[in-house]
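Peer 1: Dropping the sequence and predicted coords here.
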Amino acid sequence: MTKYFRKITPNAKDDVLAGITVSLAMIPEVVAFAFVAQIDPLMALSGAFIIGLITAFFGGRPGLISGAAGAVAVIFVHMIAEGHTKGMLLDQPIENMGFFYLMACVILMGIIQIFAGVFKLGKFVRLIPHSVMMGFVNGLSIVIFIAQVKMFSHKSLSVSAEGVNEYKSTFMQGTELYTMLALVLLTMGIIWLLPKITKKLPAALTAILVTSLLVIGFNIDTTTVGSYIIEGGGTGLKGEFPTPNLELWQNLPFNLDTLQFIALPAFLAASVGLIETLMTMNLVDELTETRGNGNKECIAQGSGNIISGLFGGTGGCGMIGQTVININAGGRGRLSGIMMALTLLTFILFADKYIEMVPIAALVGVMFMMVIETFAWSSFRILKKIPKSDAFVLILVSAVTVFVDLAVAVFLGVIVSALVFAWENARRIRARKRFKADGTKIYEIWGPLFFGSIAAFNEKFDVKNDPETVEIDFVEARISDHSAIEAIFNLVEKYQAAGKKISLKHLSKDCKILLYKASPIFNDIIVEDIEDPRYHLAANPEKFPKPLREYKF
């Protein structure tokens with residue numbers, strides 16, 4: 001059944017309110033990922049603002065929210081630590097050299113992503129099977145859920161024997177834990193109940209405001225955005241407007257050694273960032289029944305990362321959690337992403353004290369509701385109804401996303417799906433045998449002929465015992481690749497070596513062209529003077545007025 005995509009007219013009020021809601025939900029997640037990468041939270045927040053603003057303006061998917069995502073941040077951890085060490089080994093030691101390598105890596109990451117868009121690699125996301133998509137959504141939902149559960153703990157900074165900063169977590173207990181749970185449940189309850197009463201108020205934003213006012217009004221002792229940042233080693237949310245980072249050009253050696261050092265993490269970050277972005281774009285396409293432009297989104301993501309690196313920010317990509325919150329809050333147009341970025345900047349510059357008072361529990365509640373709405377619960381119901389191979393891929397991608405890496409999960413899912421597809425099609429090759437009155441043996445080939453079905457194809461023929469004249473009729477077959485051409489070529493040689501006459505019938509026009517280009521022996525064995533009962537392509541007097549064998553390809 002053909003899926004028709006409709007055009008959506010964004011609502012400015014919904015976009016503005018959705019953008020504000022997403023900016024609030026963005027802060028703790030970006031800060032948490034900054035702690036993972038052991039960088040200044042303001043560096044991550046600056047990156048989220050820059051990338052979010054540029055992709056909102058120029059991206060190929062209105063409504064998609066981009067920022068400093070954890071899937072990208074974890075790739076930089078080892079490189080930053082090694083960069084600090086390299087900086088201290090210079091003739092004139094430079095502290096925190098890893099941050100300069102990070103910015104250069106983010107710039108290179110952006111360049112790679114732009115090339116991906118220019119060469120139109122974004123379109124290949126359409127080849128990702130639905131089972132991989134469901135596994136991606138489920139796995140990422142679990143990852144986000146686990147990240148929110150970690151908010152129910154306190155972090156303490158310590159220095160290991162090797163001099164490396166380490167964060168130890170202590171889970172909440174007693175009254176503190178019960179208070180946190182109560183506030184989370186209150187937030188979730190408001191988000192669930194409010195739309196049933198009225199849809200004029202944005203549920204997520206209202207829930208955050210109500211829970212925040214309750215905590216502030218009753219002076220409830222609970223973790224807030226401000227205490228969370230300070231607890232993780234930050235100094236607060238207050239920052240300055242991002243400006244070009246001149247120290248990058250002054251301190252970073254621009255040579256082959258630097259390029260080799262940042263090349264691999266830049267490529268990995270670019271790949272992970274584009275995969276998460278394009279998969280999230282696919283999800284938004286399904287939720288809104290519209291179609292985004294993957295190649296345009298690749299270029300916008302790359303441009304955002306380049307500028308973020310130049311202005312001292314970290315790398316990022318599309319964020320599925322914040323995007324789903326935006327869509328559920330009514331954000332459909334570019335204004336929602338622009339508003340998210342501008343609101344985030346406003347918080348950093350002017351409203352830091354107010355945002356630091358927002359309880360973490362309110363933001364965790366919003367993220368929990370997002371996880372519930374994003375997770376493909378239908379996958380449990382359909383597991384027994386879909387092919388076992390698809391069920392295996394769905395579970396595999398979910399598990400690998402949680403325990404290993406997003407990019408590895410998607411690549412693995414696509415590879416397994418492709419192998420299963422090749423195996424299933426390889427089993428479909430058939431040959432019906434019959435004889436003409438003059439004793440000619442006819443093989444009618446049915447099914448796709450490609451690298452996976454070559455072995456089964458060769459088993460259908462009995463060169464030694466066949467009569468002197470043989471016809472191979474490709475009436476229901478399709479030659480798909482070079483392996484198939486090579487198999488036909490080898491088969492023809494075997495019959496000719498045995499002194500037997502062989503002819504090929506009912507090949508499509510493009511198949512004939514491939515075979516004529518492969519070897520001149522096909523000039524005499526391909527039959528062209530019969531009507532093609534399936535393709536109806538043999539006769540094209542305007543383009544090919546003469547038989548195809550007379551053309552030089």
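Peer 2: Thanks, I have the structure now.

Peer 1: Strands of the stretch 451-553 of the chain, start to end?
Peer 2: Taking DSSP state E, counting those that start in this stretch, the strands of the stretch 451-553 of the chain run over residues 469-479, 501-505.

Peer 1: rank these by pLDDT, which is bottom?
Peer 2: When these are ranked by mean pLDDT, strand 469-479 comes last with a mean of 86.

Peer 1: which strands and helices sit next to it?
Peer 2: strand 441-449, helix 482-497, strand 501-505, helix 509-518 (3 or more CB pairs under 8 Å, 6 or more residues apart in numbering; DSSP states H and E). Just so you know, the C-beta spots here come from the backbone N, C-alpha and C atoms, and that holds for glycine as well.

Peer 1: where in the stretch 451-553 of the chain is pLDDT low?
Peer 2: For the stretch 451-553 of the chain, the stretches flagged by pLDDT under 70 are 528-553.

Peer 1: likewise the stretch 151-300 of the chain?
Peer 2: Applying pLDDT under 70 to the stretch 151-300 of the chain flags residues 156-167.

Peer 1: now the helices and strands packed on strand 469-479 in CSV, with distance to Ile208?
Peer 2: Output for these, formatted as CSV (distance: least, CB to CB, whole Å):
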stretch, distance to Ile208
strand 441-449, 55
helix 482-497, 58
strand 501-505, 70
helix 509-518, 59
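
Peer 1: re the thing from before, can I get the strands of the stretch 451-553 of the chain in a markdown table including distance to Thr224 and mean neighbour count?
Peer 2: As requested, those are exported to a markdown table (distance: least, CB to CB, whole Å; neighbours: other CB atoms under 10 Å):
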| stretch | distance to Thr224 | mean neighbour count |
| --- | --- | --- |
| strand 469-479 | 63 | 20 |
| strand 501-505 | 76 | 18 |
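
Peer 1: on that earlier part again, right, and the helices and strands packed on strand 469-479 - which one's nearest Leu246?
Peer 2: helix 482-497 (53.8 Å; CB to CB).

Peer 1: I'd like to know which elements that closest one is packed against.
Peer 2: If contacts are counted by 3+ CB pairs under 8 Å, 6+ apart, helix 482-497 sits against strand 441-449, helix 454-458, strand 469-479, strand 501-505, helix 509-518.

Peer 1: The ones you listed: which one's closest to Arg334?
Peer 2: helix 509-518 (42.3 Å).

Peer 1: Show me where the chain has its strands.
Peer 2: In the chain, the strands defined using DSSP state E lie at 66-67, 153-159, 165-171, 317-318, 430-435, 441-449, 469-479, 501-505.

Peer 1: Can you lay out the ones you listed as a markdown table showing distance to Asp405?
Peer 2: Compiled in a markdown table, the strands of the chain are given as follows (distance: least, CB to CB, whole Å):
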| stretch | distance to Asp405 |
| --- | --- |
| strand 66-67 | 19 |
| strand 153-159 | 24 |
| strand 165-171 | 21 |
| strand 317-318 | 14 |
| strand 430-435 | 41 |
| strand 441-449 | 33 |
| strand 469-479 | 37 |
| strand 501-505 | 48 |
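
Peer 1: quick one: which of these is nearest His84?
Peer 2: Across these, His84 has its closest neighbour in strand 165-171 (10.3 Å, CB to CB).

Peer 1: Let's have the strands of the stretch 451-553 of the chain in a markdown table, adding distance to Ser227.
Peer 2: As requested, the strands of the stretch 451-553 of the chain are exported to a markdown table (distance: least, CB to CB, whole Å):
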| stretch | distance to Ser227 |
| --- | --- |
| strand 469-479 | 65 |
| strand 501-505 | 77 |
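
Peer 1: Regarding the protein, what is its longest helix?
Peer 2: helix 256-288 (DSSP state H).

Peer 1: Run the chain-centre distance for it.
Peer 2: Centre-to-centre, helix 256-288 and its host chain are 7 Å apart (CA atoms, centre = their mean, to the nearest Å).

Peer 1: Dump the helices and strands packed on helix 482-497 to CSV, plus distance to Thr323.
Peer 2: Formatted as CSV, these follow (distance: least, CB to CB, whole Å):
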stretch, distance to Thr323
strand 441-449, 38
helix 454-458, 44
strand 469-479, 40
strand 501-505, 53
helix 509-518, 41
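
Peer 1: check contacts around Ile114.
Peer 2: Counting by CB atoms under 8 Å, 6 or more residues apart in numbering, Ile114 touches 298-299, 302-303, 306.

Peer 1: just Thr346 next, same as before
Peer 2: Thr346 neighbours (CB under 8 Å, 6+ apart): none.

Peer 1: Now do the closest residue to Cys511 other than its chain neighbours against Ile445, distance only.
Peer 2: Computed as CB to CB, 6 or more residues apart in numbering, the closest residue to Cys511 that is not its neighbour in sequence is Ile479, at 4.4 Å. To Ile445, Ile479 is 10 Å away according to CB to CB, to the nearest Å.

Peer 1: Show the contacting residues for Ile80.
Peer 2: 37-39, 98-99, 101-102.

Peer 1: ok, now Ser23?
Peer 2: Ser23 sits next to 339-341, 343-344, 347 when contact means CB under 8 Å, 6+ apart.

Peer 1: Count the neighbours of the closest residue to Ala81 other than its chain neighbours for me.
Peer 2: Of all residues not flanking Ala81 in the chain, Gly98 sits nearest, at 6.4 Å (CB to CB, 6+ apart). Other residues within reach of Gly98 by the criterion other CB atoms under 10 Å amount to 24.

Peer 1: mind checking how far Gly98 is from Leu42?
Peer 2: Distance, Gly98 to Leu42, using CB to CB: 16 Å.

Peer 1: which other helices and strands contact the longest helix of the chain?
Peer 2: Checked by 3+ CB pairs under 8 Å, 6+ apart, helix 256-288 has helix 70-88, helix 97-118, helix 130-149, helix 294-310, strand 317-318, helix 320-328, helix 406-426 packed alongside it.

Peer 1: Give me the mean pLDDT for the second one.
Peer 2: For helix 97-118, the mean pLDDT works out to 94.

Peer 1: how about it as CSV, C-alpha atoms only?
Peer 2: Output of helix 97-118 as CSV, limited to C-alpha atoms (Å, rounded to 0.1, in the frame of the first residue of the first chain):
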residue,chain,number,x,y,z
MET,A,97,45.4,20.1,25.6
GLY,A,98,42.7,17.4,25.1
PHE,A,99,40.0,20.1,24.8
PHE,A,100,41.8,21.7,21.8
TYR,A,101,42.1,18.3,20.2
LEU,A,102,38.4,17.8,20.9
MET,A,103,37.5,21.1,19.1
ALA,A,104,39.7,20.1,16.1
CYS,A,105,38.0,16.7,16.1
VAL,A,106,34.6,18.2,16.1
ILE,A,107,35.5,20.4,13.1
LEU,A,108,36.8,17.4,11.2
MET,A,109,33.7,15.5,12.2
GLY,A,110,31.6,18.2,10.6
ILE,A,111,33.6,18.2,7.4
ILE,A,112,33.0,14.4,7.1
GLN,A,113,29.3,14.9,7.6
ILE,A,114,29.1,17.6,4.9
PHE,A,115,30.8,15.3,2.5
ALA,A,116,28.3,12.6,3.3
GLY,A,117,25.5,15.0,2.4
VAL,A,118,27.2,16.3,-0.8
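
Peer 1: Cool, thanks, talk later.
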